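[1] Only the shape, not the letters, is given here:
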């Protein structure tokens, strides 16, 4: 069982001024997860920051869904590269410390 807080999608979208169909489109493209229970759609509280980021790209910067998908993919690759770099720096510091 998930320990994350679930938020009704309709309530969240109304409160944030985001179109529900936009959030469903993000889900269809695999950019976010939507949970359905008893025919009601929910989002986990852990995804709020991601949805807000994607919504800002769409509404404030006027980026279409294809662009959001491409940018999201590039940001994930960049984060992965940064994580790899951090690990390599930690390994290098171990060797430099023994000199």
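    Cool, the structure landed. Please read these numbers as outputs of a predicted model, since none were measured by experiment.
[2] What are the phi and psi values at residue 7?
    Geometry field for residue 7 lists phi and psi as phi -120, psi 130, criterion degrees, to the nearest 10.
[3] Name all residues that make contact with the closest residue to it other than its chain neighbours.
    Setting aside the residues directly before and after it, residue 7 is nearest to residue 43 in space (C-beta to C-beta, 6 or more residues apart in numbering), at 5.5 Å. Any C-beta I mention is one placed from the backbone N, CA and C, and that applies to glycine too. Under the criterion of C-beta atoms under 8 Å, 6 or more residues apart in numbering, the contact partners of residue 43 comprise 6, 7, 9, 12, 23, 32, 33, 34, 35, 51.
[4] let's go with 7 Å and repeat that
    By C-beta atoms under 7 Å, 6 or more residues apart in numbering, the contact set of residue 43 is 7, 9, 12, 32, 34, 51.
[5] Buried only: go through those for me.
    If you count burial by 16 or more other C-beta atoms under 10 Å, the buried members of the contacts of residue 43 come out as 7, 9, 12, 32, 51.
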